[in-house]
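Engineer: my questions concern the predicted model and sequence given below.
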Amino acid sequence: MKDYSRYITLAGGVLALLSFALPWESDYSGVEYANMSFNFITLVFLASLVIIGTSLVLNRRERWKANLSRVLVFISSGFGICCFVVLFFGEGSDLKIESTWFDRIEYGVFLNVIGFILAIVGVWTHPKTSDISESNDE
């Protein structure tokens with residue numbers, strides 16, 4: 001799995017990004033929510049772009065670039081998951097835990113969270129920079 005961890009991280013970022021085109025709640029997609037105003041959803045969109053960009057830098061030989069990429073993916077994924085929790089379960093949310101709250105959330109939100117979780121799994125299983133340089137020397 002370590003050989004494919006960079007691709008798992010990239011796939012998680014792409015899944016999180018593509019989920020914005022899918023329905024998030026009732027008749028609204030993630031793009032429509034992001035266009036309403038500059039809010040958490042816009043920041044989640046930017047976080048998914050950061051994951052895609054930094055996953056392309058993960059296998060660099062420079063230790064600081066690889067470490068910075070790992071930290072950025074962890075921060076972006078954690079931020080995306082936290083925004084999901086705040087937006088859909090927070091105090092100011094109009095989605096309260098009732099019998100109908102689950103009916104209003106569509107699959108785009110869940111695919112977004114799954115994408116962020118995949119990115120975390122990919123970075124978590126990614127070999128350390130010393131392992132990368134040793135395998136490239138052989």
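Structural biologist: All right, it came through fine.

Engineer: what are the buried residues along the top helix by length along the chain?
Structural biologist: Ranked by number of residues, the top helix in the chain under DSSP state H is helix 63-89. Burial within helix 63-89, assessed by neighbour count using 16 or more other C-beta atoms under 10 Å, is assigned to 66, 69-70, 72-74, 76-77, 79-81, 83-84, 87-88. From N, CA and C alone the C-beta is placed, and that goes for glycine too.

Engineer: which of the residues you listed sits closest to V57?
Structural biologist: S69 (4.6 Å; C-beta to C-beta).

Engineer: who's in contact with the closest one?
Structural biologist: The neighbours of S69, taking C-beta atoms under 8 Å, 6 or more residues apart in numbering as the test, are T54, S55, V57, L58, R60.

Engineer: quick one: pLDDT of it?
Structural biologist: Among the per-residue scores, S69 holds a pLDDT of 86.

Engineer: now do A16
Structural biologist: The model reports A16 with a pLDDT of 92.

Engineer: now I114
Structural biologist: At I114 the predicted local confidence, pLDDT, stands at 94.

Engineer: what about V109, how many residues close to it?
Structural biologist: 20 (other C-beta atoms under 10 Å).

Engineer: repeat that for the one 10 residues further on.
Structural biologist: In terms of burial, A119 registers 33 neighbours under the definition other C-beta under 10 Å.
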